[in-house]
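**Student:** what's the 3D shape of this:
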Amino acid sequence: MNIALALYSLSVIGGGERLALDMYRALRDLGHEVDLYTTRFDERAWQVLTSDIDNIQRPIVVGVPLIFKFFDRTAMLRKLLVTSYLVRRLRPHYDLVIETQIGVPLRWMDTAYVHFPLVEILRSVGNERRLRLHEKAYDLFVIWLMISVLIDTSRPVMTNSTWTAKYVRRAYGSPRVYVVHPPVNVEELSSIGDDRSKVVLTVSRIDRGKRVIEIPNIARLVPEAEFYLVGSTSPESGPVLKVLKERAEGLRNFHLETDVSRKRIIELMSQASIYLHPPYAEHFGFAIAEAAAAGLVPVVYRDGGGWTDIASRIDQGLGYTGVEEATRIVRSLLNDAGRLKALSARAREVAKGFSYERFKERLNEVIKELART
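**Tutor:** Coordinates of the predicted model:
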């Protein structure tokens with residue numbers, strides 16, 4: 001088949017961008033002709049994202065009409081309108097058009113890969129923050145525009161976990177939702193040995209939403225273990241780093257490392273026995289899946305795709321809802337070498353379901369289904 005992959009922006013280094021490139025590679029491996037399109041492109045991000053992918057076509061960067069410049073200060077609306085323009089332009093020239101970034105099943109595409117439905121994001125922001133009147137009006141207008149003009153709820157949707165699938169159905173009522181877990185480099189991580197120590201590892205972006213500030217509190221309650229928080233930073237990370245520094249004062253067993261190399265993360269994975277994810281409901285939990293593939297036992301917040309699709313399948317006792325419960329679970333695991341070893345083996349087994357080969361097989365199933373409709 002002749003397939004177009006469309007995403008609004010390829011200008012940052014993120015999971016959504018990586019998923020698009022993995023999908024491109026898988027579709028090519030399956031024998032399809034694939035073109036990748038975007039409206040925003042950054043060379044540095046491209047070099048990092050493709051550093052371990054061979055023979056990948058550079059994206060075709062599509063210019064957009066100048067009228068969209070008027071929406072620069074209304075980012076969400078601009079993203080919706082520009083992506084709609086892009087997929088409408090591509091639709092007549094391809095057998096399938098797949099959009100992978102904005103979280104909306106637009107009526108001009110054949111399917112979307114939804115990391116989390118945009119409607120639910122806007123609603124949750126409105127519930128969690130005290131928005132000003134014009135901000136509420138803007139969000140309500142964007143939701144109305146999506147539901148009344150842009151969305152086709154009959155379109156099939158792919159998504160990253162069974163947990164996210166529930167929200168997709170609630171937001172859009174999509175009759176066909178296919179869970180296609182993002183691929184993890186299981187082959188690379190499965191080679192890590194089993195000689196571990198009392199090291200607890202957390203890999204997470206350093207921002208307010210991820211709630212990484214709770215990790216030092218757990219470290220303080222488990223002084224017999226060494227805790228490592230490793231994560232990428234952005235200009236918005238400053239306040240979070242300040243809180244982390246305050247909470248880690250006097251702690252000798254808490255170590256914060258920012259913007260480290262992949263090599264350093266693998267090194268820490270080879271030392272750690274436990275992977276501790278912050279109390280945040282991940283839509284899938286790429287870092288959780290990677291840790292499981294490396295043989296770390298994941299202790300995660302009892303909500304989100306990282307719980308439903310990964311940790312709960314390893315053991316129902318690995319989920320927590322608060323700092324005290326997380327502390328109890330970590331300490332219990334560290335004091336039971338036999339259980340820790342057994343759960344490590346089980347974690348590796350579960351993670352095999354997130355391999356690139358499994359991703360490709362599942363994507364092939366979905367594409368065949370789409371071709372029949």
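**Student:** and the helix or strand harbouring A351, how far from the chain's centre?
**Tutor:** For A351, the enclosing helix or strand under DSSP states H and E is helix 337-351. Going by CA atoms, centre = their mean, to the nearest Å, the spacing between the C-alpha centre of helix 337-351 and its chain's C-alpha centre is 23 Å.
**Student:** what sits up against it?
**Tutor:** Outside helix 337-351, the residues that touch it by CB atoms under 8 Å, 6 or more residues apart in numbering are 184, 186, 189-190, 194, 196, 273-274, 289-298, 310, 313-315, 318, 333-334. To be clear about C-beta, it is placed using only N, CA and C from the backbone, and glycine gets the same treatment.
**Student:** what ranges do the helices span in the stretch 101-250 of the chain?
**Tutor:** All helices of the stretch 101-250 of the chain, identified by DSSP state H, counting those that start in this stretch, fall at 118-128, 133-145, 162-172, 186-190, 215-221, 238-247.
**Student:** and the ones you listed: which comes nearest P92?
**Tutor:** Closest approach to P92 among these (CB to CB): helix 133-145, 23.8 Å.
**Student:** tell me how many other residues crowd the closest residue to P223 other than its chain neighbours.
**Tutor:** Of all residues beyond its chain neighbours, the one nearest P223 is N253 (5.7 Å), with distances taken as CB to CB, 6 or more residues apart in numbering. Neighbours of N253 under the rule other CB atoms under 10 Å: 18.
**Student:** can you name the residues that contact N253?
**Tutor:** Taking CB under 8 Å, 6+ apart as the contact definition, N253 lies against 219, 222-223, 225-227.
**Student:** now Y94
**Tutor:** Taking CB under 8 Å, 6+ apart as the contact definition, Y94 lies against 2-4, 35.
**Student:** one more time with 10 Å
**Tutor:** Residues in contact with Y94, defined by CB atoms under 10 Å, 6 or more residues apart in numbering, are 1-6, 33-35, 37, 87, 110.
**Student:** before we move on, the earlier item: the helices of the stretch 101-250 of the chain into a markdown table, with extra columns for mean pLDDT, distance to G304 and mean neighbour count?
**Tutor:** Supplementary listing: these in a markdown table, determined by pLDDT from 0 to 100; distance: least, CB to CB, whole Å; neighbours: other CB atoms under 10 Å:
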| stretch | mean pLDDT | distance to G304 | mean neighbour count |
| --- | --- | --- | --- |
| helix 118-128 | 63 | 13 | 15 |
| helix 133-145 | 71 | 23 | 13 |
| helix 162-172 | 93 | 6 | 20 |
| helix 186-190 | 91 | 21 | 16 |
| helix 215-221 | 97 | 17 | 21 |
| helix 238-247 | 96 | 20 | 14 |
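**Student:** next SSE downstream of whichever strand or helix holds A289?
**Tutor:** With elements taken from DSSP H and E, the one containing A289 is helix 286-293. Read in the C-terminal direction, the helix or strand following helix 286-293 is strand 297-301, with elements assigned using DSSP H and E.
**Student:** the helix or strand following that next one - contacts with which helices or strands?
**Tutor:** Of the helices and strands lying after strand 297-301 in sequence (DSSP H and E), the nearest is helix 305. In terms of contacts (3 or more CB pairs under 10 Å, 6 or more residues apart in numbering; DSSP states H and E), helix 305 is packed against helix 162-172, helix 286-293.
**Student:** other SSEs contacting the longest one?
**Tutor:** Looking back up the chat, that one is helix 162-172. With 3+ CB pairs under 10 Å, 6+ apart as the test, helix 162-172 has strand 111-114, helix 118-128, strand 157-159, strand 177-179, helix 305 packed against it.
**Student:** and the helix holding A351, which residues are buried?
**Tutor:** 340, 343-344, 346-348, 350-351 (16 or more other CB atoms under 10 Å).
**Student:** show me which of those is closest to T83.
**Tutor:** A351 (32.6 Å).
**Student:** pLDDT below threshold where in this structure?
**Tutor:** 67-74, 122-131, 134-135, 138-139 (pLDDT under 70).
**Student:** which segments of it make up each domain?
**Tutor:** The chain breaks down into these domains under automatic domain parsing: 2-183+356-371, 186-353.
**Student:** how far out from the middle of the chain is the longest one?
**Tutor:** Just to be clear, that refers to domain 2-183+356-371. For domain 2-183+356-371, the separation from the chain centroid amounts to 13 Å (computed by CA atoms, centre = their mean).
**Student:** next: the shortest one.
**Tutor:** Here the centre of mass of C-alpha atoms in domain 186-353, compared against the chain's by CA atoms, centre = their mean, lies 16 Å away.
**Student:** might you report the residue contacts of Q101?
**Tutor:** For Q101, the contacting residues are 6-10, 14, 16-17, 19-20, 38, 79, 83, 112-115, taking CB under 10 Å, 6+ apart as the criterion.
**Student:** which ones among those residues map onto strands?
**Tutor:** The strands in this structure, assigned by DSSP state E, contain 6-10, 38, 112-114 from those.
**Student:** who's in contact with E282?
**Tutor:** Residues touching E282, when contacts are defined by CB under 10 Å, 6+ apart, comprise 15, 116, 160-161, 163-164, 204, 210, 288-289, 300-301, 303-307, 309-310.
**Student:** meant to ask about T258
**Tutor:** With the criterion set at CB under 10 Å, 6+ apart, T258 makes contact with 206, 229-233, 237, 241, 244.
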